[in-house]
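Engineer: the sequence and its predicted three-dimensional model are supplied below.
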Amino acid sequence: MKSIIGQVLQRVRERVLDPVSERISEIARERVLGVVGEHIDCHINCHKYVDDLTKRVGDLKRKRSDKEAELRVVDLSEKMVREEVHEWLEGARKVIDMSDIEEEVKNVSYLSRGSLGRHVRQKIQEVREIYSRGNFTEGLVIERPPSIGIPLPIENMVGEVDVKEKIWGYLRGSEGMIGVCGIGGIGKTTIMKHIHNELLNETIGFEKVIWVTVSHPLNVVRLQGDIARKMNKGLREDADELERASRLMEIMKTVKYALILDDVRDKFTLTRVGIPEPTIENGCKIVITSRSVDVCNYLRCQIVKVPPLPEQESLNLFLDKVGLDVLEIPYLEELLKLMVDRCAGLPLAIVVIAGRMRGVNDICVWRNALLELRQ
């Protein structure tokens, strides 16, 4: 029985284990020889590989420089660089850096040439791969998605929070036409600039937020052109007012817009300009600022009146602009309060006059300024 088992094990060893063992040994020998051969190759051809890498890095530098030159002449206000181009430029910048290899070349010894050669060969492969990815057959840039609008420079608001909230209520409601009324310098434009910028980030869903300052006297052709430009469109200069109105109407009907017309002093109809009527269905809104309640009523606006600043807020604004150190000047506090009173709660008047009096410590100058205000 033992003899039979022994014979079976012998045959298994001869037919299975020995061939497997020989194959494993062969693979190991091949791998060892491969590693040794690669090391010898890297050792012998080290400087050749360094020269090859230097040439390839130079080619990559020129290619990267060409791409950057192409991008410098692109109008990035209308187009944007493809994300893969950004990634490629950054990847190329990193690969082009040869400081580590240059340091190794300086300090290489006879025994370390093989290791350096292997490092250089890996670097050559990296350069080759990123160079091949830099063709960009579809171009370096794509059209920038349509902008909702451009933020406006704004000043701090004073005392207009309630008015602003009321306007926002109408913007979120069913009213299509909103008129912000008040005398000149009361803060209408400041309020609406804040609302304009907030609309750019609002979730109401406007596709375009447009700000246009209306000329006085009213120039319809100019107003049509200003609105069209804010829509990134153009109107034919040789077309008459009616043709331009028809074209502008076509343009504006394609988007859900919020249109802010600042400083409207003259009556006009939306149809004459080419502005579609805002409705619940189209979700559009038009806000005008005007000194005239009649103008707002003519355009059938929901009117929001901007009141003057209360006495204390007027005083606080004046002190903020003129500087608190004026209160240390004898007898000046009473003159200051009289001057604030003459400003009648108008933020613009307060800011201008306080700015003019900033740094003035002569009480006679303050008295003369108050006299001028009274006159």
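Structural biologist: Everything's here; your move. Residues are numbered from 1 along each chain as shown.
Engineer: which stretches of the stretch 151-300 of the chain have low pLDDT?
Structural biologist: Residues of the stretch 151-300 of the chain meeting the criterion pLDDT under 70: 203.
Engineer: ranges for the strands of it?
Structural biologist: 177-181, 208-213, 257-262, 285-290 (DSSP state E, counting those that start in this stretch).
Engineer: would a markdown table of those with mean neighbour count and distance to residue 323 be doable?
Structural biologist: Glycine gets a C-beta too; all of them are placed from N, C-alpha and C. Compiled in a markdown table, the strands of the stretch 151-300 of the chain are given as follows (neighbours: other C-beta atoms under 10 Å; distance: least, C-beta to C-beta, whole Å):
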| stretch | mean neighbour count | distance to residue 323 |
| --- | --- | --- |
| strand 177-181 | 24 | 31 |
| strand 208-213 | 20 | 32 |
| strand 257-262 | 23 | 31 |
| strand 285-290 | 24 | 31 |
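Engineer: need these in CSV (columns: distance to residue 97).
Structural biologist: Below are the strands of the stretch 151-300 of the chain laid out as CSV (distance: least, C-beta to C-beta, whole Å):
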stretch, distance to residue 97
strand 177-181, 58
strand 208-213, 45
strand 257-262, 49
strand 285-290, 54
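Engineer: of all the ones you listed, which one is nearest residue 94?
Structural biologist: When those are compared by C-beta to C-beta, strand 208-213 sits nearest residue 94, at 40.6 Å.
Engineer: please report the distance of the residue sitting nearest the centre point of the chain from residue 196.
Structural biologist: Taking C-alpha atoms, centre = their mean, the centroid of the chain lies closest to residue 150, which sits 9.0 Å from it. Distance from residue 150 to residue 196, counting by C-beta to C-beta, to the nearest Å: 9 Å.
Engineer: over to residue 87?
Structural biologist: 35 Å.
Engineer: then residue 323?
Structural biologist: When residue 323 is compared with residue 196 (using C-beta to C-beta), they lie 31 Å apart.
Engineer: so those two - more neighbours on which side?
Structural biologist: Using other C-beta atoms under 10 Å as the criterion, residue 323 and residue 196 rank with residue 196 on top: 21 against 13.
Engineer: wait, what's in contact with that one?
Structural biologist: By C-beta atoms under 8 Å, 6 or more residues apart in numbering, the contact set of residue 196 is 149, 151-152, 209, 211, 260.
Engineer: again, only using 10 Å
Structural biologist: 149-152, 154, 209-211, 258, 260, 262, 287 (C-beta atoms under 10 Å, 6 or more residues apart in numbering).
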